[in-house]
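**Student:** coordinates only, sequence not included:
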């Protein structure tokens, strides 16, 4: 189990690193006997494997799990790529972040969110998986670092407290409690930190599930920076949009976060819908195809490359990330 780090703060921003699985081929020159002409220097080429994790649903929204490699096509910037790796393995380890909005607008739903979130992790996590818990309001708090211990995760979820004006501290809340002039919801900061400081060091399947109304107030980073941090770390974002009618929700932001990273938005307006939403995400995380390809464009320019993943049955809908950042240098 990894130790719990100190509170994450956005002003301690770390550089986001592009994660890519690399295969290096080195042609080494043999030793040069004395008196002979030295041969050309070593030639080294490096090609980055691009991984995609995809969920496929039919027109009735049922998950489809029996497709084969030949049913898929991958396009990068409009150019079809050759699929180098394909798997329907449903047991690949997952590294998961559960992000809980603890701003005042979620006050009426927090208890239900905590209960459903704990049950979700108990269902979805299997041997080899790990999860972390983060809450966000005026600040971003790491309630539990990555662990596979369900009891630690449960306790972390139950530590979350609503940050409402009034001053003082609420027992068990590791973050600051707002006063009359401290309001906000640091949604973008939470995503940026979860990806840039935590998930960038993890390999394999990575996902964030955010329970929020998607209203951001006061983040130090922009929406585009939050999305980029997820894209650079190959992290899928799922949003459970829980919006109090008095405050409203930002469906546009939620859809952008999910669409640009290959995740889903599920609208939640009751405790029953919340349970169903967690069940849907759990099913998707356990029903993904894994595909990989070596891009024809091997330029190490650090630019964003658009990806399109198609299936030969147009009645099916594919959920996968829309692009990645090429390695640089």
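**Tutor:** Arrived safely, thanks for sending. Note that the structure is predicted; figures quoted are calculated from it, not measured.
**Student:** now for the nearest residue to residue 277 once chain neighbours are set aside: which residues touch it?
**Tutor:** By the measure of Cβ to Cβ, 6 or more residues apart in numbering, the closest residue to residue 277 outside its immediate chain neighbours is residue 266, 4.1 Å from it. Quick note: C-beta positions are derived from backbone N, CA and C, even for glycine. Shown here is residue 266, whose contacts under the criterion Cβ atoms under 8 Å, 6 or more residues apart in numbering are 238-241, 273, 277, 280-281.
**Student:** if we go to 10 Å?
**Tutor:** Taking Cβ atoms under 10 Å, 6 or more residues apart in numbering as the criterion, residue 266 is in contact with 209, 238-242, 254, 258, 273-274, 276-278, 280-281.
**Student:** so it, which state does it fall into?
**Tutor:** With DSSP: H, G, I helix; E, B strand; the rest coil as the basis, residue 266 sits in strand.
**Student:** use 396 as the first number from now on
**Tutor:** With 396 as the first residue, the last one maps to residue 661.
**Student:** what pLDDT is listed against it?
**Tutor:** In the predicted model, residue 661 carries a pLDDT score of 95.
**Student:** lowest average confidence, helix or strand, in this structure?
**Tutor:** Comparing every helix and strand of the chain by mean pLDDT, DSSP states H and E singles out strand 416-422 as the least confident one, with a mean of 31.
**Student:** quick revisit: selection in PyMOL covering whichever of the contacts of residue 661 are buried, please.
**Tutor:** For selection in PyMOL, the members of those meeting the burial criterion (16 or more other Cβ atoms under 10 Å) are listed in this command:
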select buried, resi 604+633+634+635+636+637+649+653+669+672+673+675+676
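**Student:** sitting in helices, which of the contacts of residue 661 do you find?
**Tutor:** Judged by DSSP state H, helices contain the following of these: 649, 653, 668-669, 671-673, 675-676.
**Student:** with pLDDT and distance to residue 464 as new columns, can these be given to me in TSV?
**Tutor:** Shown next, in TSV, are the ones in helices among the contacts of residue 661 (pLDDT from 0 to 100; distance: Cβ to Cβ, whole Å):
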residue	pLDDT	distance to residue 464
649	97	32
653	96	26
668	91	36
669	93	36
671	93	32
672	93	31
673	94	31
675	92	26
676	93	26
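**Student:** look at residue 656 and report its pLDDT.
**Tutor:** Reading off the confidence values, residue 656 has pLDDT 95.
**Student:** about what we covered before: Throw the ones in helices among the contacts of residue 661 into a markdown table and include distance to residue 703, thanks.
**Tutor:** As requested, the ones in helices among the contacts of residue 661 are arranged in a markdown table below (distance: Cβ to Cβ, whole Å):
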| residue | distance to residue 703 |
| --- | --- |
| 649 | 22 |
| 653 | 17 |
| 668 | 31 |
| 669 | 32 |
| 671 | 30 |
| 672 | 27 |
| 673 | 29 |
| 675 | 24 |
| 676 | 23 |
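**Student:** any idea how far residue 510 is from the nearest residue to residue 675 once chain neighbours are set aside?
**Tutor:** Beyond its immediate neighbours in the sequence, the residue positioned closest to residue 675 (Cβ to Cβ, 6+ apart) is residue 661, lying 6.2 Å away. Using Cβ to Cβ, to the nearest Å, residue 661 is found at 17 Å from residue 510.
**Student:** then residue 596?
**Tutor:** 31 Å.
**Student:** more crowded one of the two?
**Tutor:** Ranked by neighbour count (other Cβ atoms under 10 Å), residue 596 and residue 510 place residue 510 first, with 15 against 11.
**Student:** A helix includes the more buried one, no?
**Tutor:** Yes. If the criterion is three-state DSSP, then residue 510 is within a helix.
**Student:** wait, isn't it in contact with residue 670?
**Tutor:** Yes. Assessed by Cβ atoms under 10 Å, residue 510 is found in contact with residue 670 at 8.9 Å.
**Student:** where do the helices sit along the stretch 496-645 of the chain?
**Tutor:** With helices called from DSSP state H, counting those that start in this stretch, the stretch 496-645 of the chain shows them at 505-519, 545-554, 582-588, 618-627.
**Student:** turn the ones you listed into CSV, columns for distance to residue 460.
**Tutor:** Shown next, in CSV, are the helices of the stretch 496-645 of the chain (distance: least, Cβ to Cβ, whole Å):
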stretch, distance to residue 460
helix 505-519, 16
helix 545-554, 26
helix 582-588, 29
helix 618-627, 25
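**Student:** which single one of the ones in helices among the contacts of residue 661 is nearest to residue 544?
**Tutor:** Ranked by distance to residue 544 (Cβ to Cβ), these are led by residue 673 at 19.7 Å.
**Student:** relative to residue 476, which of the helices of the stretch 496-645 of the chain is closest?
**Tutor:** Taking Cβ to Cβ as the criterion, helix 618-627 is the member of the helices of the stretch 496-645 of the chain that comes nearest to residue 476, at 17.9 Å.
**Student:** what about residue 715, how many neighbours?
**Tutor:** Quick note: residue 715 (other Cβ under 10 Å) scores 21 neighbours.
**Student:** and it, how far from residue 655?
**Tutor:** For residue 715, the distance to residue 655 - Cβ to Cβ - is 11 Å.
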